[in-house]
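Undergrad: okay, sequence plus prediction incoming.
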Amino acid sequence: MKLETLGWNSFFAEPFAHQFADTAYTVGRVALEHKHIYRVYSEHGELLAEIAGKMRHNALGREDYPAVGDWVVVSARPEEGKATVHAILPRKSKFSRKVAGTVTEEQIVATNVDTVFLVNALNRDFNVRKIERYLLMAWESGANPVIILSKADLCDDVEEKVRAVESVAIGVPIHVVSSLDNIGVDELRPYLGEGRTIALLGSSGVGKSTLINRLHGHEVMDTGSIREDDDRGRHTTTHRELILLPAGGILIDTPGMRELQLWETGDSFEESFKDIEELAESCYYRDCTHAKEPDCAVRGALADGTLDQGRWNNYVKLQKEAAYLARKEDQRLQLAEKEKWKKINQSQRKMKHRK
């Protein structure tokens, strides 16, 4: 396999040359992860890789382990079809969410992605509020979002739904497709140049696997049926996987994510909610809470209908969620720092004991 076909470029080559030029190590890209066993694509072909003991010992959290899309530094044993992972090269982008449940921990969905296809079905599962949440996380990842409205053959009011999405996805490309009828699929191919990586994100049943089959040209993914009672799909993808396209480009399929909790937001709030941020700047009081203050531009826009009440409610909800997560993350980082120094002290005691 050519590294350039896998997405290798100067962004990754420079840190590798700086840190590992005088070693016998090589590089590979993580294509599949199964409980710390990894399928890695490399110049030696496909390798089954494990984490080096030193790397595992120094890991403090999930982000210190490889994820699908990562470029990793490996010692390859091609004659065995195996390798050992020693390090992760810097990530160009990272799409993360909070793990499902009450635990405050990061789950890395995909890394080193150039474009995120946010796939939403034009059936009864269509939800603009969900699209807002996906957009927020896509901007935060560092990749460029593209909205794919799938299953157009099941929708009688496509133009109305497109307008609804345009109102919340300002400046983001929107493509309407029907994989069943092969409509709109060719419009996506310009995103799929050689070495370009696209991650597909969306709930179960929105048609990600069928779309991948269309883009690939072969049935490389299983596809599932839709439950008739609510138009929601059954899980057909159960893991993240990197898929090479014959004509160039790399796709990362992801499991359908019914629960999508924020992990980071940063400046992505401004990108996702530009209209609300600009309204807030027009308020009479700079510290306006948009509650009871006079001359509040936000409340004025809600009153005259220029700002959708549902969009405002979702904005407030996501802000509260992000603030809560930030507080929990501070606690987690403090515990991680303690764990780091605990490991350092343990290593120092072992070295003294050996002397």
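TA: In hand now; what should we look at? Residues are numbered from 1 along each chain as shown.
Undergrad: show me the strands in the stretch 1-150 of the chain, by range?
TA: According to DSSP state E, counting those that start in this stretch, the stretch 1-150 of the chain carries its strands in the segments 26-34, 37-42, 45-51, 71-77, 82-88, 94-98, 106-111, 115-121, 144-150.
Undergrad: deepest in the core, which of those strands is it.
TA: Highest mean neighbour count of the strands of the stretch 1-150 of the chain: strand 115-121, a mean of 25 (counted as mean count of other CB atoms under 10 Å). For every residue, glycine as well, the C-beta is placed using N, CA and C.
Undergrad: what angle sits between that strand and strand 144-150?
TA: Interaxial angle, strand 115-121 versus strand 144-150 (axes from the mean of the first three to the mean of the last three CA atoms, to 10 degrees): 20 degrees.
Undergrad: strand 115-121 - contacts with which helices or strands?
TA: helix 128-141, strand 144-150, strand 197-201, helix 208-216 (3 or more CB pairs under 8 Å, 6 or more residues apart in numbering; DSSP states H and E).
Undergrad: just these: most buried one?
TA: Across these, averaging neighbours per residue (mean count of other CB under 10 Å) puts strand 197-201 on top, at a mean of 26.
Undergrad: give me the low-pLDDT residue ranges for the stretch 101-250 of the chain?
TA: 101-106, 222-240 (pLDDT under 70).
Undergrad: let's see that with 80 instead.
TA: By pLDDT under 80, the weakly predicted segments of the stretch 101-250 of the chain are 101-107, 221-240.
Undergrad: the helices in the chain, which residues?
TA: For the chain, the helices defined by DSSP state H occupy 10-20, 53-58, 128-141, 158-166, 208-216, 268-272, 274-281, 297-304, 309-354.
Undergrad: one step back: quick one: which of the strands of the stretch 1-150 of the chain is nearest residue 254?
TA: strand 106-111 (5.6 Å; CB to CB).
Undergrad: can you report how many residues lie near residue 191?
TA: Neighbourhood size, residue 191 [other CB atoms under 10 Å]: 18.
Undergrad: circling back: CSV for the strands of the stretch 1-150 of the chain, including distance to residue 64?
TA: Output for those, formatted as CSV (distance: least, CB to CB, whole Å):
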stretch, distance to residue 64
strand 26-34, 14
strand 37-42, 14
strand 45-51, 10
strand 71-77, 12
strand 82-88, 8
strand 94-98, 13
strand 106-111, 10
strand 115-121, 23
strand 144-150, 27
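Undergrad: out of everything not next to it in sequence, what's closest to residue 272?
TA: Leaving aside its sequence neighbours, residue 272 sits nearest to residue 136 (CB to CB, 6 or more residues apart in numbering; 4.4 Å).
Undergrad: for the residue most central in space within the chain, which non-adjacent residue is closest in space?
TA: Nearest to the geometric centre of the chain sits residue 95, at 2.8 Å (CA atoms, centre = their mean). Closest residue to residue 95 in three dimensions, ignoring its sequence neighbours and counting by CB to CB, 6+ apart: residue 141, at 4.0 Å.
Undergrad: quick check: the one you found touching residue 91?
TA: No. With contact defined as CB atoms under 8 Å, residue 141 does not count as touching residue 91 (9.8 Å).
Undergrad: between the two, what contacts are shared?
TA: Here residue 141 and residue 91 share no contacting residue, scored by CB atoms under 8 Å, 6 or more residues apart in numbering.
Undergrad: gap between the residue nearest to residue 272 and residue 129?
TA: From residue 136 across to residue 129, the span is 11 Å (CB to CB, to the nearest Å).
Undergrad: now do residue 138
TA: To residue 129, residue 138 is 15 Å away according to CB to CB.
Undergrad: likewise residue 18?
TA: For residue 18, the distance to residue 129 - CB to CB - is 44 Å.
Undergrad: cool, and residue 184?
TA: 24 Å.
Undergrad: go on, residue 217?
TA: For residue 217 relative to residue 129 (CB to CB), the value is 35 Å.
Undergrad: please enumerate the strands of the stretch 151-300 of the chain.
TA: Secondary structure of the stretch 151-300 of the chain (DSSP E, counting those that start in this stretch): strands at 174-176, 197-201, 241-244, 250-253.
Undergrad: which stretch among those comes nearest residue 317?
TA: Of the strands of the stretch 151-300 of the chain, nearest to residue 317 by CB to CB is strand 197-201, at 19.9 Å.
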